[in-house]
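Colleague: Here you go, sequence then predicted model.
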Amino acid sequence: MLCGLSRETPGEADDGPYSKAGKDAGGADVALACRRQSIPEEFRGVTTVELTKKEGSTLGLTISGGTDKDGKPRVSNLRPGGLAARSDLLNVGDYIRSVNGIHLTRLRHDEIITLLKNVGERVVLEVEYELPPPAPENNPGIVSKTVDVSLYKEGNSFGFVLRGGAHEDGHKSRPLVLTYVRPGGPADRDLVTGITTALCDVACPVLAVLPAWPCLGPAQKHQEERMYGRNTPRLAQSLRWAGQADRALPCREGSLKVGDRLLSVDGTSLRGASHAAALATLRQCSHEALFQVEYDVAIPVEITKTPGSALGISLTTSSHRNKPVITIDRIKPASVVDR
């Protein structure tokens, strides 16, 4: 259901990151479903989102869940061009804990909709989200690079959702990671002012094994699919040919990508900054700001191979930090890859 307009239809797709409980469950089953759909404490981040809407307008987001539905209230859709989407503060899959101080834990789905429909012009949401992965460990198979990107402000944002940051609990501290780049927004049509890498044009085939980091969680994987399509997530590619850009063409999608890490804004370092402090810095930026962003590139392994011969390598799917990844399963002795 679209908040303020209509209710959720029985056949609405649930694109949240966690398994659904049976709808219209009751009593202890509902409580159990809510607990099961909670983000584990060690991966849980909390932020406050403040939106100001015009009288008679809606927030432009779809909420699923409630005690009589499939667990905790959660953002299942952001309407393109809507207030919530343009704020660049919410992701699909985020859990809504409270609205203007009213907790939603014990509210039915229709009660949540009524609350959102009758909320005033100022809307304060307490949001629970999945933390991005920790900082990448030393990996000889990847190299980190930086790029300076100039962005123009649109309203109060620059067209990307930022999550992570320093936390008083060190185990929850994360880099400041871009978890979504809004199509058509400022970050989607940026101007690259300086970059530390260049594309190479190599004729021989290259096996580029992407690093396990940053592996996106279920909620963040959905953001990747929203940008690139369900069947072609950027981080899921494991084989590429030399000469193919390791990042999408800037003229098409901009230079900022999901998983990139924000290092500084207008020369002000954000290392060690909390999520709230980073958002405050972005709000204080002028109409144009210079961002320094870090991203990871796989170091390619060049393999000389005669036409028609087999590489001698088998791939398989496995998991890393509870996330699906593609790994090398077997290398045939004396094969091209082994040599």
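Modeller: Arrived safely, thanks for sending.
Colleague: what mean pLDDT does stretch 117-133 have?
Modeller: Here stretch 117-133 scores 93 as its mean pLDDT.
Colleague: Return the set of buried residues in it.
Modeller: For stretch 117-133, the neighbour count (16 or more other CB atoms under 10 Å) marks 119, 123, 125-133 as buried. All C-beta spots, glycine's among them, are computed from the backbone N, C-alpha and C.
Colleague: what pLDDT does residue 268 get?
Modeller: At residue 268, the pLDDT recorded in the model is 94.
Colleague: how near is it to residue 262?
Modeller: According to CB to CB, to the nearest Å, residue 268 and residue 262 sit 11 Å apart.
Colleague: Could you give the number of residues near residue 78?
Modeller: A count of neighbours around residue 78, defined by other CB atoms under 10 Å, yields 23.
Colleague: How about the contacts made by it?
Modeller: 60-62, 84-85, 90, 92 (CB atoms under 8 Å, 6 or more residues apart in numbering).
Colleague: which of residue 268 and residue 262 has more neighbours?
Modeller: residue 262 (25 against 12).
Colleague: Can you point out the helix or strand that includes the more buried one?
Modeller: strand 261-265 (DSSP states H and E).
Colleague: what packs against that strand?
Modeller: strand 174-181, helix 275-284, strand 288-298 (3 or more CB pairs under 8 Å, 6 or more residues apart in numbering; DSSP states H and E).
Colleague: now with 10 Å?
Modeller: In terms of contacts (3 or more CB pairs under 10 Å, 6 or more residues apart in numbering; DSSP states H and E), strand 261-265 is packed against strand 142-152, strand 160-165, strand 174-181, helix 275-284, strand 288-298.
Colleague: ok, back up a step: okay, and the common contacts of residue 268 and residue 262?
Modeller: 281, 292 (CB atoms under 10 Å, 6 or more residues apart in numbering).
Colleague: what's the distance between residue 318 and residue 329?
Modeller: 8 Å.
Colleague: Pull up the distance across stretch 311-327, start to finish.
Modeller: 15 Å (CA to CA, to the nearest Å).
Colleague: What of stretch 52-61?
Modeller: In stretch 52-61, first residue to last residue: 14 Å (CA to CA).
Colleague: now swap in stretch 151-160 and tell me
Modeller: 11 Å.
Colleague: May I ask which of the contacts of residue 78 has the most neighbours?
Modeller: Going by other CB under 10 Å, residue 61 tops these with 25 neighbours.
Colleague: so where does the residue lying closest to it once chain neighbours are set aside fall, helix or strand?
Modeller: Excluding the flanking residues, the one nearest residue 61 by CB to CB, 6 or more residues apart in numbering is residue 84, at 4.2 Å. Assigned by DSSP H and E, residue 84 belongs to helix 83-87.
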